[in-house]
Structure formats: structure tokens, C-alpha cells
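J.: 3D, please:
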Amino acid sequence: MKVLDHVQPLVAARSGDLAAGERTALSFWLLKVTNSLASLPEDFKATAGSEAVRKRVEASAMSFVN
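T.: You can find the predicted model right below:
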């Protein structure tokens, strides 16, 4: 969770350096991560704080959608 928590600042800082295809690929994979986080057991979500991380990762993925 700690690594994923730092995705949003990375995307914000480096998105301008990515080509269109790279942005599409990154958005695709970030959305796959959000789906994986959403499917975690509820007790794990509560103890790990994964729902807050999922929302930040999803916001990062959606930042590429205009």
C-alpha cells in the first residue's frame, strides 16, 4: 500500500513526459490496480487503508482522460 500511495504524485509530476500511448497504457494498468484493490476482502481494506489508496490511484488514472 505504501508504494501505491505514491503513485499520484509521480503521475502528476511525470505525466507531461509521457507519449500518448504511454499515458494510455499507464491509465489502463492503474485502473487494473484499482479493480484489484476494490476486490480485496473488507476486513483487509479496513485495516490496510486500501480504499483511500484505491481512490488516489483511480484519480491518477482518470487524470489522463480529457
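
J.: So the residue nearest to the spatial centre of the chain versus Ala20, what's the distance?
T.: Centroid-nearest residue in the chain, with C-alpha atoms, centre = their mean: Val57, separated by 2.1 Å. For Val57, the distance to Ala20 equals 21 Å [C-beta to C-beta, to the nearest Å]. Placement of C-beta: from N, CA and C, glycine included.

J.: quick one, what contacts Asp5?
T.: Applying C-beta atoms under 8 Å, 6 or more residues apart in numbering to Asp5 gives the contacts 53, 56.

J.: what about 10 Å?
T.: 49-50, 52-53, 56-57 (C-beta atoms under 10 Å, 6 or more residues apart in numbering).

J.: try Ala20
T.: Phe64.

J.: for the chain, which spans come out with low pLDDT?
T.: Within the chain, the stretches with pLDDT under 70 are 66.

J.: Next, report how far the helix or strand harbouring Thr47 is displaced from the centre of its chain.
T.: According to DSSP states H and E, Thr47 maps onto helix 42-48. Relative to its parent chain, helix 42-48 has a centroid offset of 18 Å by C-alpha atoms, centre = their mean, to the nearest Å.

J.: Can you tell me what sits against the following helix or strand past that helix?
T.: Helices and strands here follow DSSP H and E; after helix 42-48, the next one along the chain is helix 50-62. Contact with helix 50-62 is made by 1-12, 15, 23, 26-38, 40-42, 44-45, as judged by C-beta under 10 Å, 6+ apart.
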